[in-house]
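Peer 1: For reference, the sequence and a predicted model appear below.
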Amino acid sequence: MPILGRRLAAITAALAMSVTTGALVSPASAHSGSSDETKKEPTATGYGGAVSTVDVDASAAAIEVLRKGGNAVDAAVAAAATLGVTEPYSAGIGGGGYFVYYDAKSKKVHTIDGRETAPAAMPTDAFVDPNSPTGAPYNFTPELVTSGVSVGVPGTPATWERALHRWGSMSLAETLEPAIEVATDGFEVDETFRQQTEDNQVRFEAFPSTRELFLPGGKLPKVGSVFKNHDLADTYRLLASKGTEAFYEGPLAEDIVEAVQNPPKSADTELPVPAGFMTTKDLAKYRALDQDPTHVNYRGYDVYSMAPSSSGGTTVGEALNILETFDLPALAENDEAAVLHHYLEATALAFADRNKYVGDPAFVDVPVKQLLDPVFGKERACEIDPLHAAEKPVPAGDVADYNGACDIEPAALGDEKDTENINTTNLTVSDKWGNVVEYTLTIEQTGGSGITVPGRGFILNNELTDFNNVYNPTEANRIEPGKRPRSSMSPTIVLKDCEPFLALGSPGGASIITTVLQTLVNRIDLTMKIEDALAAPRASQRNAANVSAEQAFIDSDNGKALASKYGHKFAAAGDPGTSAADIGAATAIEFLDDNKVRAVAEPVRRGGGSAMVVNPSR
Ligand code: GLU
């Protein structure tokens, strides 16, 4: 937390609360309540608006804005900007994301696609190493991920501006205030931040601008020390006074382009750091896009999520359509493992289709309607043996020829390698009017491209690594100039009878899709409480031979039954014993009766998240 800024905010808030609740509450005693802005609590229940993020300062920023009378959109931008300070390796103005909004007045869900975009001059062989005798692509790690060539035109500033313009009630300047305060006063370094810096040390040392900012004095930041980012505070001030044009045009845009075309690497680094193709024209041309959400109905709930260029909405939606054909609530009564078996098999099928069909709809014809057609889901469900795990990978279905009956051969095998990296951040916000925001934003992997724009305080994304790295004209997610790489981000809002029931999302690369889906299955089919649904051990089947799973899942009774009875093969996710072994870092808000809401964050993953409400009681 920023040592002075947030403490003062907390005291002010606690005193303000004492007026509204009629009880004198000291800041210390407020800790046990759910509206404390200084302490990380993974759940908070109450009224008047709520927020869940991975970070206490970001959640406090949202609460501050809601208390000032801002709405969920204003608060979401404030939280996102603060995450750019405190989670600079996961998200920030150097990246992109997807913004999903439920408007209480019209009872409609809207979305903004703020995905990074390939520069106009990006050749289709951009990822091929010119020094390779065989014409092979760069190694994914570390060459491709630490490069100018992987930097897409950032979409985050344009997303904030578009969201505020369409639905916000505050100016960009007002929503940036809390983040500027945190960047100026500093925040307290925690173990997650230190560890993420260490994980990136070699890459960060390759760029003097990154080393100076994130390895002060050449050293890792110490847990408990105060971390300030004056350059970012200045950049935010520039956007506050001049608007996001100051990002997409002018000196800042020129600095971004220079960092991409001539990556500011140190003379002694051994990393090749291939240069990129972005120009000031690319930045000036960037637009965040208004999009219709995806929609499916699952057991009476209307599930809305992000349409392509993300594969999140179609893949979560298709898997739900597949699962809808089985009576999972009945199965759940005696056999949780049976429910999870269906979940794992459904995601394998949905991933086969995602890999074959989903890319940027501005460039490829994505069969969104077919992928989300319950009849297609019914036919795909034919592939599931209720008692045995199918051999993976399973083939994709045929969107041109289906009738819901179990008699059609599926099309060819999906043949893609899953090379997405696994970091990002997610936030959920609601307000007293009933508006809801679910927003996932990223700079791709933890630490993005590693390139800090000199003097500007933020790291550029490496999102273009989400394209398939070798150009194949038949693949939906092939590299093309001006195109958005396929994402897995799945910010999701679930309605029941047109009213919000649940909003949720997560980071985690391609496992975002399975995390959102598993949480929905846990909540709806296994009827867990939302905090348990979110905290439960996770497993992610993405049409691979092994189910990637957290160790706690593998060791659970369900995990054992899935292996021994159903034949699922598990591989522990990431590096055991490190945070990479976690799948996701989700946030959610569930909407209860009488305008009560329950905000939920991770109790443990990524150091635990922060849920807050405006008023713990009415
Ligand atoms: N690049 C990923 C995507 O767009 C997000 C990265 C992550 O969540 O780890 O799907």
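Peer 2: Cool, the structure landed. Residues are numbered from 1 along each chain as shown.
Peer 1: Can you give me the pLDDT of Phe247?
Peer 2: pLDDT, Phe247: 98.
Peer 1: Downstream of the strand or helix carrying it, the next helix or strand is which one?
Peer 2: According to DSSP states H and E, Phe247 maps onto helix 245-248. Downstream of helix 245-248, the first helix or strand assigned by DSSP H and E is helix 251-261.
Peer 1: Same question for the helix holding Phe247: list its buried residues.
Peer 2: Ala246, Phe247, Tyr248 (16 or more other Cβ atoms under 10 Å). Any C-beta I mention is one placed from the backbone N, CA and C, and that applies to glycine too.
Peer 1: Just the closest residue of the stretch 251-400 of the chain to the ligand, please.
Peer 2: Ser310 (6.9 Å; Cβ to the nearest ligand atom).
Peer 1: got the buried residues of helix 245-248 as JSON lines, with distance to Glu499 columns?
Peer 2: Output for these, formatted as JSON lines (distance: Cβ to Cβ, whole Å):
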{"residue": "Ala246", "distance to Glu499": "40"}
{"residue": "Phe247", "distance to Glu499": "37"}
{"residue": "Tyr248", "distance to Glu499": "38"}
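Peer 1: Between those residues, which sits nearest Thr514?
Peer 2: Closest approach between those and Thr514, by Cβ to Cβ: Phe247, at 33.7 Å.
Peer 1: In contact with that closest one, which residues are there?
Peer 2: Ile93, Pro154, Pro157, Leu239, Ala253, Leu283 (Cβ atoms under 8 Å, 6 or more residues apart in numbering).
Peer 1: Pull the number of nearby residues for the fourth one.
Peer 2: Spelled out, it's Leu239. The number of residues packed near Leu239 is 22, by other Cβ atoms under 10 Å.
Peer 1: Glu336 contacts Thr527, correct?
Peer 2: No. Checked against Cβ atoms under 8 Å, the pair Glu336 and Thr527 is beyond contact range at 10.8 Å.
Peer 1: Between the two, which is the more surrounded one?
Peer 2: Glu336 (19 against 12).
Peer 1: for that one, phi and psi?
Peer 2: phi -60, psi -40 (degrees, to the nearest 10).
Peer 1: Secondary structure element holding the nearest residue to it once chain neighbours are set aside?
Peer 2: Nearest residue to Glu336, sequence neighbours excluded (Cβ to Cβ, 6 or more residues apart in numbering): Asn558, at 5.4 Å. Using DSSP H and E, Asn558 sits in helix 557-564.
Peer 1: which parts of that helix are buried?
Peer 2: Here helix 557-564 shows Asn558, Gly559, Ala561, Leu562, Ala563 as buried, counting by 16+ other Cβ under 10 Å.
Peer 1: Now the nearest residue to Arg456 once chain neighbours are set aside. Its backbone dihedrals?
Peer 2: Among residues not flanking Arg456 along the chain, Thr235 sits closest, at 5.0 Å (Cβ to Cβ, 6+ apart). With angles defined as degrees, to the nearest 10, Thr235 sits at phi -60, psi -40.
Peer 1: Would you agree Thr235 is in contact with Pro454?
Peer 2: No. Proximity of Thr235 to Pro454 does not meet the contact threshold set by Cβ under 8 Å, at 11.7 Å.
Peer 1: Which one's more surrounded, these two?
Peer 2: Thr235 (27 against 17).
Peer 1: Around Gly218, how many other residues sit close by?
Peer 2: 8.
Peer 1: re earlier: residues touching the closest residue in space to the residue of the stretch 251-400 of the chain closest to the ligand that isn't next to it in sequence, list them.
Peer 2: Leaving out its chain neighbours, the residue that sits closest to Ser310 by Cβ to Cβ, 6+ apart is Ser487, at 4.0 Å. Under the criterion of Cβ under 8 Å, 6+ apart, the contact list for Ser487 reads Tyr98, Arg115, Met306, Ser309, Ser310, Ser311, Gly312, Asp466.
Peer 1: what's the neighbour count on Thr124?
Peer 2: 16.
Peer 1: what's the burial count for the residue nearest to it when sequence neighbours are not counted?
Peer 2: Leaving aside its chain neighbours, Thr124 sits nearest to Tyr471 (4.1 Å; criterion: Cβ to Cβ, 6+ apart). By other Cβ under 10 Å, 17 other residues sit near Tyr471.
Peer 1: Hmm, Met122 and Tyr471 touching each other?
Peer 2: No. Counting by Cβ under 8 Å, Met122 is not a contact partner of Tyr471; they are 10.8 Å apart.
Peer 1: intersection of neighbour lists for those two?
Peer 2: Ile479.
Peer 1: chain center to the helix holding Phe247: distance?
Peer 2: Mean-position distance between helix 245-248 and its chain equals 24 Å (Cα atoms, centre = their mean, to the nearest Å).
Peer 1: Rounded mean pLDDT for the strand or helix carrying Leu502, please.
Peer 2: Secondary structure from DSSP H and E places Leu502 in strand 499-505. Strand 499-505 shows a mean pLDDT of 98 in the predicted model.
Peer 1: other SSEs contacting the following helix or strand past that strand?
Peer 2: As assigned by DSSP H and E, the chain's next helix or strand after strand 499-505 is helix 511-520. Judged by 3 or more Cβ pairs under 8 Å, 6 or more residues apart in numbering; DSSP states H and E, helix 511-520 is in contact with helix 312-324, helix 336-357, strand 492-496, strand 499-505, strand 539-540.
Peer 1: what angle separates helix 511-520 from strand 492-496?
Peer 2: 20 degrees (axes from the mean of the first three to the mean of the last three Cα atoms, to 10 degrees).
Peer 1: so what's Ser548 bridging to?
Peer 2: Ser540, Ala571 (DSSP bridges).
Peer 1: So which bits of the chain are right by the ligand?
Peer 2: 420-424, 442, 444, 463, 466, 487-489, 507-509, 512 (Cβ under 6 Å from any ligand atom).
Peer 1: can you tell me which of those lies nearest to Glu550?
Peer 2: Nearest member of those to Glu550, counting by Cβ to Cβ, is Gly508, at 11.4 Å.
Peer 1: Give me the phi and psi angles of that closest one.
Peer 2: phi 130, psi 20.
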